[in-house]
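K.L.:
predicted model, plus sequence, below.
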Amino acid sequence: MTQRVRTAVFPVAGLGTRFLPATKSMPKEMLPLVDRPLIQYAIDEAREAGIEDFIFVTARGKSALEDYFDAAPTLERTLKAAGKADLLAEVERATMPSGAIAYIRQQEALGLGHAVWCARRLVGAQPFAVILPDDVIAGGGRGCLAQMVEAYEARGQGGCMVAAVDVAPEQVSSYGILDVARDDGRVVEARGMVEKPKPADAPSRVAVIGRYILAPSVMETLEARKRGAGGEIQLTDAIAEQVDAPGGVLGFRFEGTRYDCGSKAGYLQATVAFALARPDLGPGFARYLRSVEADLAAE
């Protein structure tokens, strides 16, 4: 019987160079989508999926992440005294219970695989999730990770499961790509994975994005610290070595829209989409966008 997925690792040690100079003094995970930082969306998705233990793999300069999830008694008292119950509820929602989040330092930027490996002692011998906050997923009714956990636990065979999307041929070199053995439309059985292949060498167009459920054996593979694409320790390579292990490697096509908030274009697209979805902002913002479109058409 497959163990339940109750632990999630959040690799948040990156420098956020694509958003400099803003990220010179703040973690990129604290960039806001409307009024919540990217990391809040990741945490909310994990909580919906039943995650109970949260492991942040951080680096120097990331203390704002710790402060964000800490209690803020002075702010809470001020909001309560002012009768701002809605804002108080939002602040309290962003506060995590004592001991719920563990913070581990990644002292060298050696790749995503290395960042995940840093959490090995806290993960232990259980399946665990990995969430990349850069990938924000909206819609679908239920969160992406909740969908994956349900499918993973219902299957009851262990192994690894990765969130998958179909990308255009010219985009495959930006992703880990599944070598597909079987595809039923929702679940893809993989016989291998390739990190950022050239379009001509890509085994498929089924790309892996930032949601994973991994068997503890992945940590054993990462222990070897093998270097892959870009000279880094690639998580994709470690997952690929699990294809012949019990449970194998599955890709899961989730319901919802994924926004790559690690890129400026994706971040702007997400900002527009999330603003339009807000009842308090959507109607007025939509009118503004229509006026901008009309002005552009008139030029």
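P.N.:
Happy to help now that I have it.
K.L.:
next, count neighbours for the closest residue to Arg278 other than its chain neighbours.
P.N.:
Spatial nearest neighbour of Arg278, excluding adjacent residues (C-beta to C-beta, 6 or more residues apart in numbering): Val34 at 6.6 Å. Quick note: C-beta positions are derived from backbone N, CA and C, even for glycine. Applying other C-beta atoms under 10 Å, we find 13 residues neighbouring Val34.
K.L.:
ok, Val34 touching Phe274?
P.N.:
Yes. Counting by C-beta atoms under 8 Å, Phe274 is a contact partner of Val34 at 5.2 Å.
K.L.:
for the most centrally placed residue in the chain, give me the pLDDT.
P.N.:
Centroid-nearest residue in the chain: Leu132, 2.6 Å away (criterion: C-alpha atoms, centre = their mean). Predicted confidence (pLDDT) for Leu132: 96.
K.L.:
give me every residue that touches it.
P.N.:
With contact taken as C-beta atoms under 8 Å, 6 or more residues apart in numbering, Leu132 is in contact with Phe10, Pro11, Ala42, Leu112, Ile209, Gly210, Arg211.
K.L.:
with Ala277 instead?
P.N.:
Contact analysis of Ala277 by C-beta under 8 Å, 6+ apart lists Ala138.
K.L.:
go with 10 Å
P.N.:
Shown in contact with Ala277 (C-beta atoms under 10 Å, 6 or more residues apart in numbering): Val34, Ala138, Gly139, Phe285.
K.L.:
for the second one, which non-adjacent residue is closest in space?
P.N.:
Taking C-beta to C-beta, 6+ apart, and ignoring the residues beside it in sequence, Ala138 has Thr257 as its nearest neighbour in space, at 5.3 Å.
K.L.:
what does Leu31 give?
P.N.:
Leaving aside its chain neighbours, Leu31 sits nearest to Leu38 (5.6 Å; criterion: C-beta to C-beta, 6+ apart).
K.L.:
now do Gly210
P.N.:
The nearest residue in space to Gly210 (C-beta to C-beta, 6+ apart) is Leu132, at 2.8 Å.
K.L.:
Ala200 versus that neighbour, what's the distance?
P.N.:
Distance, Leu132 to Ala200, using C-beta to C-beta, to the nearest Å: 27 Å.
K.L.:
in the chain, which spans are helices?
P.N.:
Secondary structure of the chain (DSSP state H): helices located at 38-48, 63-68, 73-81, 85-93, 112-117, 120-123, 144-155, 217-222, 235-240, 264-277, 282-298.
K.L.:
tell me which of those sits nearest to Gln171.
P.N.:
helix 264-277 (12.2 Å; C-beta to C-beta).
K.L.:
CA-only coordinates of that closest one in PDB, if you can.
P.N.:
What follows is helix 264-277, C-alpha atoms only, in PDB (Å, rounded to 0.1, in the frame of the first residue of the first chain):
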ATOM      1  CA  LYS A 264       8.500  38.300 -17.000                       C
ATOM      2  CA  ALA A 265       6.000  37.500 -19.700                       C
ATOM      3  CA  GLY A 266       4.500  34.700 -17.700                       C
ATOM      4  CA  TYR A 267       4.400  36.800 -14.500                       C
ATOM      5  CA  LEU A 268       2.500  39.600 -16.300                       C
ATOM      6  CA  GLN A 269       0.100  37.100 -17.900                       C
ATOM      7  CA  ALA A 270      -0.600  35.600 -14.400                       C
ATOM      8  CA  THR A 271      -1.100  39.100 -12.900                       C
ATOM      9  CA  VAL A 272      -3.700  39.900 -15.600                       C
ATOM     10  CA  ALA A 273      -5.500  36.600 -15.200                       C
ATOM     11  CA  PHE A 274      -5.700  36.700 -11.400                       C
ATOM     12  CA  ALA A 275      -6.800  40.300 -11.400                       C
ATOM     13  CA  LEU A 276      -9.600  39.500 -13.900                       C
ATOM     14  CA  ALA A 277     -10.700  36.600 -11.800                       C
END
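K.L.:
roughly how far apart are the residue lying closest to Gln106 once chain neighbours are set aside and Gln269?
P.N.:
Nearest residue to Gln106, sequence neighbours excluded (C-beta to C-beta, 6+ apart): Ala13, at 4.2 Å. Using C-beta to C-beta, Ala13 is found at 25 Å from Gln269.
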